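Asks: no sequence on this one, just coordinates:
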Ligand SMILES: [Zn+2]
């Protein structure tokens, strides 16, 4: 076990008795959730995304629509751009994206064009999500999973909009 991994284990479980698999979907979704928390702190709709390649996080981003004054600055779009820059490739065929909210149609389209290998999202979005149009919006080779850390990722959005209504 690498030193870094070992330290991660120790932080997670100081007793060192608990045997856990490090690179689970939960682990990566937690990282995406941390991005959503950053968005929350910045007054942005709290959605976070990370891109993983060979179990390494190569890009992370959160929604920056307000900051950039750009309706397309969704977490997925920003993380796709960052991952492509990192890999020097427009296609992300070896990559998994973890996103805290079901992507919108625009982002699902971008994920299709990027040929992302796997999409994992947490909370569903019945109104704005792409799934109302079906999985076909994604590339046919893209694998899809959802529901990982659903409750936390849905709750932070609820909290955000509740707070925003209160301040109006
Ligand atoms: Zn989007």
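Replies: It's in. Everything quoted here is computed from the prediction, not taken from an experiment.

Asks: what packs against whichever strand or helix holds residue 52?
Replies: Residue 52 is located in strand 48-53, with elements delineated by DSSP states H and E. If contacts are counted by 3 or more Cβ pairs under 8 Å, 6 or more residues apart in numbering; DSSP states H and E, strand 48-53 sits against helix 25-41, strand 56-62, helix 75-87, strand 95-101. C-beta here means a position set from N, CA and C on the backbone, and glycine is covered the same way.

Asks: who does the longest one touch, helix- and strand-wise?
Replies: Pointing back at helix 25-41 there. So helix 25-41, by 3+ Cβ pairs under 8 Å, 6+ apart, packs with strand 48-53, strand 56-62, helix 75-87, strand 95-101, strand 118-123, helix 150-167.

Asks: from the helices and strands packed on strand 48-53, which stretch is densest packed?
Replies: Sort those by mean neighbour count, taking mean count of other Cβ atoms under 10 Å, and strand 95-101 sits at the top with a mean of 27.

Asks: what pairs with that strand, and is each one parallel or antiparallel?
Replies: Applying DSSP bridges, strand 95-101 is found paired with strand 48-53 (antiparallel), strand 118-123 (parallel).

Asks: return the most buried member of those.
Replies: strand 48-53 (a mean of 26).

Asks: does it come close to the ion?
Replies: No: Strand 48-53 stays clear of the ion (Cβ under 5 Å from the ion), getting no nearer than 9.4 Å.

Asks: and that strand with helix 150-167, angle?
Replies: Using axes from the mean of the first three to the mean of the last three Cα atoms, to 10 degrees, one finds that strand 48-53 and helix 150-167 are set 150 degrees apart in direction.

Asks: relative to helix 75-87, how tilted is strand 48-53?
Replies: Using the same axes, to 10 degrees: strand 48-53 against helix 75-87 is 30 degrees.

Asks: pLDDT on strand 48-53, on average?
Replies: What strand 48-53 shows for mean pLDDT is 98.

Asks: what of stretch 99-118?
Replies: Rounded mean pLDDT across stretch 99-118 is 98.

Asks: read off the pLDDT value for residue 166.
Replies: 88.

Asks: for the protein, what lies in contact range of the ion?
Replies: So far as Cβ under 5 Å from the ion goes, the chain lies against the ion at 74, 104, 107.
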